[in-house]
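> Got a predicted structure here, sequence first:
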Amino acid sequence: MDPAGGCPHAANARLLARGPVAPVVLPGEVAGMAVLGHAALKEFLGHPDVAKDARHFTALESGAIPEGWPLGAFAIVRGMTTADGADHRRLRALVSKAFTARRVEELRPRVEALTVSLLDGLDRAATAGSGVADLRAHFALPLPMGVICELLGVEAVHHDRLHTLSNRVVATDVGPAESMAANREMVEVLSAVAAARAKEPGDDLISALIAAREENGDRLSPQELIGTLMLTVIAGHETTLNLITNAVRALCTHRDQLGLVLAGRASWADVVEETLRWDSPVSYFPFRYPTRDLTLAGTVIPKGTPVLAGYSAAGRDESAHGPDAGLFDITRTAETRHLSLGHGTHYCLGAPLARMESTVALRQLFTRYPDLQLAVPESELQRHASFVGNSVRTLPVRLHGVH
């Protein structure tokens with residue numbers, strides 16, 4: 001796997017041509033596997049003999065993985081994404097109350113209002129920048145970051161730092177010292193936030209998690225609390241940030257598709273679902289581990305192997321999505337549903353919130369700026385330095401097109 005990331009689709013196509021499961025070399029020369037094919041990935045994500053707990057990671061348990069390994073946080077952080085069975089159900093139940101369909105709908109007016117405010121800021125940034133503004137920095141980032149932090153009870157003063165640290169935690173091109181420093185600082189920031197909420201509880205998720213722990217001491221350990229907060233902050237904004245960015249980029253380079261939505265012949269929800277399939281906001285997510293030697297699509301994945309879930313590859317798998325899987329088509333009548341938000345017991349808890357935020361954001365953005373277009377050729381956009389997140393680092397746009 002290339003630690004520098006980049007656009008995954010050409011490499012995905014080459015791998016898929018060889019089969020739905022592939023051996024890969026992770027940073028640090030760590031042997032792993034990737035599941036790329038749609039059918040194989042769906043089976044793998046729901047398989048009873050596949051675990052998330054890193055005690056099943058043979059090389060880590062044997063001491064073969066060095067301290068500060070760039071992907072270490074994905075394995076060792078304590079929380080929902082690294083728990084199995086009863087532990088996973090307990091942690092998920094504690095957090096799920098903040099992400100019910102009812103709670104998401106209650107948040108809609110707040111998301112609508114925040115979107116209007118951010119569009120005003122985007123307009124000011126474009127005016128100051130001779131008509132060009134970075135849509136990712138001024139719009140796609142602060143919307144999900146603001147919403148998830150409000151849900152959690154994290155004050156605005158921490159938002160920028162938490163985003164920077166999140167980027168470092170999920171980056172795959174950093175060295176051990178930088179990786180450890182980012183993880184350590186993120187734990188420190190979130191611990192300080194949790195301590196403040198413990199002193200002054202509010203109507204937020206952190207206060208609720210602390211209260212649940214205090215009622216029954218074994219419900220949520222301090223490590224699980226901070227791990228859960230770290231995962232919720234990262235997953236709660238990075239995925240939606242990439243989704244909005246990728247959707248805007250797709251529409252700007254497929255004006256016919258944008259025209260269909262603006263003419264009422266397709267919906268913003270159609271745009272979101274096709275973006276999730278065609279350019280998944282997460283490319284390869286670490287890790288799952290077979291608890292026994294597992295044969296998947298004719299390939300043996302040895303017990304204890306760290307396995308990447310290849311969402312960006314599965315989204316363009318022609319055997320599942322047809323020979324035109326590489327085309328961005330919002331009118332696609334999908335017999336096969338994409339897997340970009342997961343499958344099985346670890347299905348993305350924040351999926352309803354991500355979908356709502358993205359549809360609100362896209363509708364308001366293109367209703368206000370129907371002529372919005374990229375300010376540079378798409379080929380010049382710099383990609384993420386990670387094979388986990390899948391997007392571009394900046395998205396310079398002209399709000400009113402070129403006149």
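Perfect, thanks for sending it. Numbers count the residues shown, from 1 in each chain.
> show me where pLDDT drops low in the stretch 201-350 of the chain?
213-219, 334 (pLDDT under 70).
> If we use 90, what do you get?
Scanning the stretch 201-350 of the chain for pLDDT under 90 picks out the ranges 202-238, 333-336.
> Helices along that one, start to end?
For the stretch 201-350 of the chain, the helices defined by DSSP state H, counting those that start in this stretch cover 205-215, 222-252, 255-262, 268-278, 311-315, 318-321.
> Can you mark which positions in the last one are buried?
Residues of helix 318-321 classed as buried by neighbour count (16 or more other Cβ atoms under 10 Å): 320-321. From N, CA and C alone the C-beta is placed, and that goes for glycine too.
> that older thread, indicate which one of the helices of the stretch 201-350 of the chain is closest to Arg124.
helix 222-252 (18.5 Å; Cβ to Cβ).
> tell me which residues of the closest one are tucked away?
Across helix 222-252, burial judged by 16+ other Cβ under 10 Å covers 224-252.
> Figure out which of the helices of the stretch 201-350 of the chain is closest to His346.
Per Cβ to Cβ, nearest to His346 of these: helix 222-252, 11.1 Å.
> how close does the closest residue to Arg265 other than its chain neighbours sit to Leu339?
Leaving out its chain neighbours, the residue that sits closest to Arg265 by Cβ to Cβ, 6 or more residues apart in numbering is Thr331, at 7.8 Å. For Thr331, the distance to Leu339 equals 21 Å [Cβ to Cβ, to the nearest Å].
> what's the answer for Gly6, then?
22 Å.
> who's more crowded, these two?
Set side by side, Gly6 and Leu339 show more neighbours around Leu339, with 25 against 16, by other Cβ atoms under 10 Å.
> Wait, the more buried one touches Ala40, no?
No: in this structure, Leu339 is not within contact of Ala40 by Cβ atoms under 8 Å, at 10.5 Å.
> Strands along the protein, start to end?
Taking DSSP state E as the criterion, the chain carries its strands at 21-26, 30-35, 50-51, 132-134, 284-290, 294-296, 299-301, 307-310, 373-374, 396-398.
> And the fifth one, what's buried?
I take that to be strand 284-290. Across strand 284-290, burial judged by 16+ other Cβ under 10 Å covers 284-290.
> how distant is that strand from the center of its chain?
Centre-to-centre, strand 284-290 and its host chain are 14 Å apart (Cα atoms, centre = their mean, to the nearest Å).
> Just the CA coordinates for that strand, please, in CSV.
Extracted C-alpha coordinates of strand 284-290, given in CSV (Å, rounded to 0.1, in the frame of the first residue of the first chain):
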residue,chain,number,x,y,z
TYR,A,284,-9.3,1.1,2.8
PHE,A,285,-10.4,0.9,6.4
PRO,A,286,-8.1,-1.0,9.0
PHE,A,287,-8.6,-3.6,10.5
ARG,A,288,-10.4,-6.9,10.9
TYR,A,289,-8.7,-10.2,11.8
PRO,A,290,-9.9,-13.8,10.9
